[in-house]
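> got a predicted model here, sequence first, then my questions.
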Amino acid sequence: MSDDRVTPSPKQILSGAGEPIFRVLPAGVLANMVIPGSENALLWNLVYPLAQPTVRLVDLLGARPLWGTPLSGDEFVDELKPYFWGYSVEGERLEGLDAVLARVDGQGPRTEIDLYLRGANHLVVAEVKNLATPGRCSRYAAGRCPEIHIEESVLRDPCRYWEQDGARFETALDFGQRPVPGNESPPCDRHYQLGRTLLVGLSLAQRLGLTLHLWLVTPSGAWSHLERGWLDFASRVRDECLWRRLRVLPWEEIQAISRG
């Protein structure tokens, strides 16, 4: 039975179209690649030529960020292997990822992080944006938040990101008091995608014994639209050491590394 997979053409994939990863990527990821302006195609075309087969963490940290704390020293000497949407170029699933997703997301839709960079000592999780902003909570937008829209959600379980061990936002983020009916756009709505990304990253880094970095990658021209939301999210990260490993990198700086 067909899974309706779409094979991107050379128009979308500038190099590496024959790699085994394209035989295992989810159909939705592949379908996005054929859309004009696709973030997925841009991510592949940006990172694939750079990481052959790895990229140095110090090179990425040396790129001028749109936002972030300077980091340097021997502790950051590491070779990072890319995993696009959780898969290596060779088509292998990132170790431990599915178990972590099951713990954090439960039976609901799985958090789909654009890029993982795994080294011997460090793990980078990156959300890559082109024109879009980080995602918000779809249940809140639809009036189905089990914490706020009580009448509409009386038969639903409480939100796992406030309730479930291993998945609570409050373990890593200061999102204030648990939402109650009448709340308008609580932080867990505004920072839903980044919050889930952070939870997955923390759980996976702990499982693998690695130091976590969380990055946002965006064109320089889009930063003015993202800055306010990012600053609010970053201010809510509880761990000061982790806060120092947050970073916003422009597409252009990564392209410069690749060309260099």
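Great, that's in hand. Numbers count the residues shown, from 1 in each chain.
> pLDDT of the host helix or strand of Tyr83, averaged?
Using DSSP states H and E, the element containing Tyr83 is strand 79-84. Average pLDDT, strand 79-84: 98.
> ok, residues contacting it?
Strand 79-84 is contacted by residues 21, 25, 43-44, 47-48, 51, 53-57, 60, 88-89, 94, 114-120, 122, 124 when judged by C-beta atoms under 8 Å, 6 or more residues apart in numbering. (C-beta placed from N, C-alpha, C; glycine too.)
> what number of residues lie near Leu30?
19 (other C-beta atoms under 10 Å).
> tell me the pLDDT of it.
91.
> from now on call the first residue 17
In the new numbering, first residue 17, that becomes Leu46.
> which SS class is it?
helix (DSSP: H, G, I helix; E, B strand; the rest coil).
> my read is that it contacts Ile37, right?
No. Taking contacts as C-beta atoms under 8 Å, Leu46 lies outside contact range of Ile37: 10.2 Å.
> which helix in the chain has the most residues?
helix 208-224 (DSSP state H).
> pLDDT value on the residue nearest to Asp130 when sequence neighbours are not counted, please?
Leaving aside its chain neighbours, Asp130 sits nearest to Val144 (4.3 Å; criterion: C-beta to C-beta, 6 or more residues apart in numbering). pLDDT, Val144: 93.
> report pLDDT for Ser18.
47.
> meant to ask about Leu110
Confidence score, pLDDT, at Leu110: 98.
> before we move on, what about Pro203?
Value listed for Pro203 in the pLDDT field: 96.
> returning to what we had before: just checking, what packs against the longest helix of the chain?
helix 113-121, strand 138-144, helix 176-179, strand 227-234 (3 or more C-beta pairs under 8 Å, 6 or more residues apart in numbering; DSSP states H and E).
> now it: buried residues?
208-221 (16 or more other C-beta atoms under 10 Å).
> now these in a markdown table, with distance to Arg244 and pLDDT?
Putting those into a markdown table (distance: C-beta to C-beta, whole Å; pLDDT from 0 to 100) gives the following:
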| residue | distance to Arg244 | pLDDT |
| --- | --- | --- |
| Tyr208 | 16 | 96 |
| Gln209 | 16 | 97 |
| Leu210 | 13 | 98 |
| Gly211 | 17 | 97 |
| Arg212 | 20 | 96 |
| Thr213 | 19 | 97 |
| Leu214 | 18 | 98 |
| Leu215 | 23 | 97 |
| Val216 | 24 | 98 |
| Gly217 | 23 | 98 |
| Leu218 | 24 | 98 |
| Ser219 | 28 | 97 |
| Leu220 | 28 | 98 |
| Ala221 | 28 | 98 |
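> closest to Ser88 among the residues you listed?
Nearest to Ser88 among the buried residues of helix 208-224: Ala221, at 20.6 Å, using C-beta to C-beta.
> from Leu228, how far out is that closest one?
4 Å (C-beta to C-beta, to the nearest Å).
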